[in-house]
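Undergrad: Next come a sequence and a model predicted from it.
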Amino acid sequence: MRETDFVSGFARGLTVIEAFGEAQPRLSIAEASKRTGLDRATVRRSLLTLSELGYADYDGKFFTLTPKILRLGHAYLSATPLPAIVQPYLDQLSEKAGQSASASVLDGTEVVYVARASQRRVMSINLVPGSRLPAYCASMGRVLLAALPEAQAREILSRTELKANTPRTKTDPEELVAELRKVREQGYAVIDQELELGLCSIAVPLMNARGQVVAALNIGAPAAHVAAAELAERYLPLLKETQAALRPLVQ
C-alpha cells in the first residue's frame, strides 16, 4: 500500500478503541496514552471525537465506550455468513456433549469468538461472540496456528506476549512449535488448564469444501468433571461429526 493511502489519524483512533476491554472498561486520557503508546494530545483528540460521535461517554475524567460501538463489530458479523451457519450446529453439539461449544477465527495473535453455545460458565470471564483470547494457549488458537505454514506461525508467536497464565501454560516458543506440529499431525488440539486453572478444552479445524481452514470449533469442560486425557475419547467424535456436516456449507 502506498504511504499516501494510509490514514494515520484513523489508525490511531482504532488503536484507542482497542485500548478498552473487560479489564479496562473506562480509561482516562493518561491511561489510554499509556496503553496505546500514543501521546496524550493524540489520545485526547481521538477520545473526544469518539465522544462527539456517540461512541464514548465522558464524565470529565474517564471515557467509557457506549453501545453504539457494537455497530462496528456487528458490521463484520452481519457481513460474514459464518456465525449464522455455524450457530445451529454449535447448539446441537453443545446439547449432545452437555458442555459449551464455540467457533472462532484467527485475528493476529488472538482468536475471536464468532459463535457460541453455552451450557454453563466454565471460565472466570464471560465468553460471547466478539470475545478474544490469546491464540498460543487456547485450543482453537492452537488449531488455527497449526493450519498455517510453520514460518508464519513462528512469526505470530514472536509477536505474542507468551505469559504463564497458570503453572501449566506452555510459553517456550520451541515447545509451542512442537505442539503445533503434533496438532497438525493428529488433527485436533487439547488444552489442559493452560488458559485458566479448572478449564480443559478440545478443538478441531473447520474446513470448507476446498480443504481450507476457515475457523475452529471447540468444546470446553471443567477439569473437575472431565480430565484432559478423556476429552478426545468423549468429544472428538462429536466434533468431527459437526466438522463434516459444516464442511460443504462454509466458504
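TA: Received, thanks. Numbers count the residues shown, from 1 in each chain.
Undergrad: Which helix or which strand is home to residue 151?
TA: Following DSSP states H and E, the helix or strand that holds residue 151 is helix 150-158.
Undergrad: The lowest-mean-pLDDT helix or strand in the chain: what's the following helix or strand?
TA: Taking mean pLDDT, DSSP states H and E as the measure, the chain has helix 70-79 as its least confident helix or strand, at a mean of 72. Downstream of helix 70-79, the first helix or strand assigned by DSSP H and E is helix 82-97.
Undergrad: Could you name the helices and strands sitting against that following helix?
TA: Here helix 82-97 touches strand 100-107, strand 110-117, strand 213-222, helix 228-246, going by 3 or more CB pairs under 8 Å, 6 or more residues apart in numbering; DSSP states H and E. C-betas here are computed from N, CA, C, even on glycine.
Undergrad: hang on, the earlier thing: how distant is the helix holding residue 151 from the center of its chain?
TA: Its chain's average C-alpha position is 17 Å from that of helix 150-158, according to CA atoms, centre = their mean, to the nearest Å.
Undergrad: what residues does stretch 41-54 touch?
TA: With contact meaning CB atoms under 8 Å, 6 or more residues apart in numbering, stretch 41-54 is reached by 12-13, 16-17, 29, 32-33, 36, 38, 56-58, 63, 65-66, 68.
Undergrad: again, only this time at 7 Å
TA: 12-13, 16, 29, 32-33, 36, 56-58, 63, 66, 68 (CB atoms under 7 Å, 6 or more residues apart in numbering).
Undergrad: between these, which is closest to residue 237?
TA: residue 68 (43.6 Å; CB to CB).
Undergrad: The closest one touches residue 56, doesn't it?
TA: No: between residue 68 and residue 56 there is no contact under CB atoms under 7 Å: 8.7 Å.
Undergrad: Which one's more surrounded, the two?
TA: residue 56 (24 against 12; other CB atoms under 10 Å).
Undergrad: which residues sit in contact with that one?
TA: 47, 50, 63, 64, 65, 66.
Undergrad: and these, which of them are in strands?
TA: Using DSSP state E, the subset of the contacts of residue 56 located in strands is 63, 64, 65.
Undergrad: Nearest to residue 93 among those?
TA: Closest to residue 93, out of all of the ones in strands among the contacts of residue 56 and judged by CB to CB, is residue 65, at 32.1 Å.
Undergrad: Would you mind stating the distance between the residue of the chain positioned farthest from its centre and residue 48?
TA: Ranked by distance from the centre of the chain (CA atoms, centre = their mean), the top residue is residue 60, with 32.9 Å. Per CB to CB, to the nearest Å, residue 60 is found 12 Å from residue 48.
Undergrad: Next one: residue 231 relative to residue 176, how far apart?
TA: For residue 231, the distance to residue 176 - CB to CB - is 19 Å.
Undergrad: no, scratch that, I was asking about residue 48
TA: 41 Å.
Undergrad: can you check residue 59 too?
TA: 43 Å.
Undergrad: who has more neighbours, the two?
TA: The residue with more neighbours, out of residue 59 and residue 176, is residue 176; 20 against 8, by other CB under 10 Å.
Undergrad: Give me the contacts around stretch 136-156.
TA: So stretch 136-156 is in contact with 104, 106, 109, 111, 133-135, 157, 160, 162, 165, 169, 176-177, 179-180, 183-184, 189-191, 194-195, 201-205, 213, 216, 218, going by CB under 7 Å, 6+ apart.
Undergrad: Sorry, wrong one. I was asking about stretch 164-184.
TA: 136-137, 142-143, 145-146, 150, 153-154, 157, 162-163, 189, 192-197.
Undergrad: Now do residue 114, the pLDDT please.
TA: In this prediction, residue 114 carries a pLDDT score of 92.
Undergrad: Is it in contact with residue 82, as I believe?
TA: Yes: checked against CB under 7 Å, the pair residue 114 and residue 82 is within contact range at 5.8 Å.
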